[in-house]
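> using only what follows, build the 3D model:
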Amino acid sequence: MYWLILLVAGLFEVAWAVGLKYTEGFTRLVPSLLTGTAMLVSVVLLAAAAKKLPLGTAYAVWTGIGAVGAVTLGIVLFGESAQPLRLLCVGLIVAGIVGLKLTAA
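Residues are numbered from 1 along each chain as shown. Next up, the predicted model:
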């Protein structure tokens with residue numbers, strides 16, 4: 001259950017990271033409110049997951065989900081680079097997330 005909460009927290013982190021692009025420096029009201037809400041939900045869910053999961057693991061997985069999601073959506077939505085070395089680095093982050101999940105107590 002706590003891993004699912006952490007996954008959802010990570011997805012909200014992706015939402016606020018991408019949302020930052022749409023806020024245009026927090027000058028647009030609706031995107032700013034949605035981004036702020038996603039930030040709050042993400043951190044609250046991370047805190048809930050960290051009640052039972054090791055803190056370092058929970059935080060690393062949360063940021064990893066956010067990083068991978070932000071890079072992926074940056075490529076899809078904003079035409080950012082998808083060069084092989086960049087994708088390899090994202091793959092290394094995914095491998096780290098899986099490794100942390102497999103070794104968590």
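
> what residues sit buried inside stretch 6-20?
Under the neighbour-count criterion of 16 or more other CB atoms under 10 Å, stretch 6-20 has 6, 8-20 buried. Backbone N, C-alpha and C define where each C-beta goes, glycine included.

> swap in stretch 30-44?
Under 16+ other CB under 10 Å, the buried positions of stretch 30-44 are Pro31, Ser32, Leu34, Thr35, Ala38, Met39, Val41, Ser42.

> and the helix or strand hosting Lys101, how far from the chain's centre?
Using DSSP states H and E, Lys101 maps to helix 84-103. Using CA atoms, centre = their mean, to the nearest Å, the distance from the centre of helix 84-103 to the centre of the chain it belongs to is 13 Å.

> repeat for stretch 22-41
16 Å.

> check what contacts it and list those residues.
Ala9, Phe12, Glu13, Ala15, Trp16, Gly19, Leu20 (CB atoms under 8 Å, 6 or more residues apart in numbering).

> need those in CSV (columns: pLDDT).
What follows is the contacts of stretch 22-41, written out as CSV (pLDDT from 0 to 100):
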residue, pLDDT
Ala9, 98
Phe12, 98
Glu13, 97
Ala15, 98
Trp16, 97
Gly19, 97
Leu20, 96
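
> which residue would you name as the spatial centre of this structure?
Centroid-nearest residue in the chain: Gly66, 1.6 Å away (criterion: CA atoms, centre = their mean).

> how much space separates it from Pro84?
Distance, Gly66 to Pro84, using CB to CB, to the nearest Å: 22 Å.

> same question, Leu29
40 Å.

> on that earlier part again, buried sites along the helix holding Lys101?
Applying a neighbour-count criterion of 16+ other CB under 10 Å, the buried positions in helix 84-103 are Val90, Ile93, Ile97, Leu100.
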